[in-house]
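Novice: Take this sequence and fold it.
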Amino acid sequence: MKNITTIKTSKYISEMKQSDKNFSDRMEQEGKKFDYAVLVMKLRESLGLTQFEFAELVNKPQSTITRIENGNANPTIKTLESIAEQSGKKLVMSFE
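Specialist: Numbering: from 1, shown residues only. Okay, here's the model as predicted:
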């Protein structure tokens, strides 16, 4: 039987990010989409709305809300500003 070395996922990702710029860029982009997904989902849940109700409130198709919350969309700042405005919130951005 062949001896297989196991590696933790976090260690593998860290090593790949250091050795492969394309991988690192993709991980950063996917991380941003995940952040947007969580923010939009938390906003919707804080309002006590279903995706359908939230989509109606912010004047977006439910499919758009679903794609954002699933991390399958990379919403523009304009889209996020519109969602914030339509839900009575303010989009806040910062450089860290």
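Novice: in the longest helix seen in the chain, what's buried?
Specialist: Ranked by residue count and defined by DSSP state H, the top helix of the chain is helix 21-46. For helix 21-46, the neighbour count (16 or more other Cβ atoms under 10 Å) marks 33, 36-37, 39-41, 43-44 as buried. To be clear about C-beta, it is placed using only N, CA and C from the backbone, and glycine gets the same treatment.
Novice: Low-confidence bits of this structure, can you list those?
Specialist: 1-5 (pLDDT under 70).
Novice: switch the cut-off to 50
Specialist: Applying pLDDT under 50 to the chain flags no residue at all.
Novice: any chance you could map the helices in it?
Specialist: So, for the chain - with DSSP H - the helices run 9-19, 21-46, 51-57, 62-69, 77-86.
Novice: My guess is residue 58 contacts residue 87. True?
Specialist: Yes. In this structure, residue 58 is within contact of residue 87 by Cβ atoms under 8 Å, at 5.8 Å.
Novice: Columns distance to residue 10 on top of the buried residues of helix 21-46, output as JSON lines?
Specialist: What follows is the buried residues of helix 21-46, written out as JSON lines (distance: Cβ to Cβ, whole Å):
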{"residue": "33", "distance to residue 10": "19"}
{"residue": "36", "distance to residue 10": "22"}
{"residue": "37", "distance to residue 10": "20"}
{"residue": "39", "distance to residue 10": "23"}
{"residue": "40", "distance to residue 10": "26"}
{"residue": "41", "distance to residue 10": "24"}
{"residue": "43", "distance to residue 10": "29"}
{"residue": "44", "distance to residue 10": "30"}
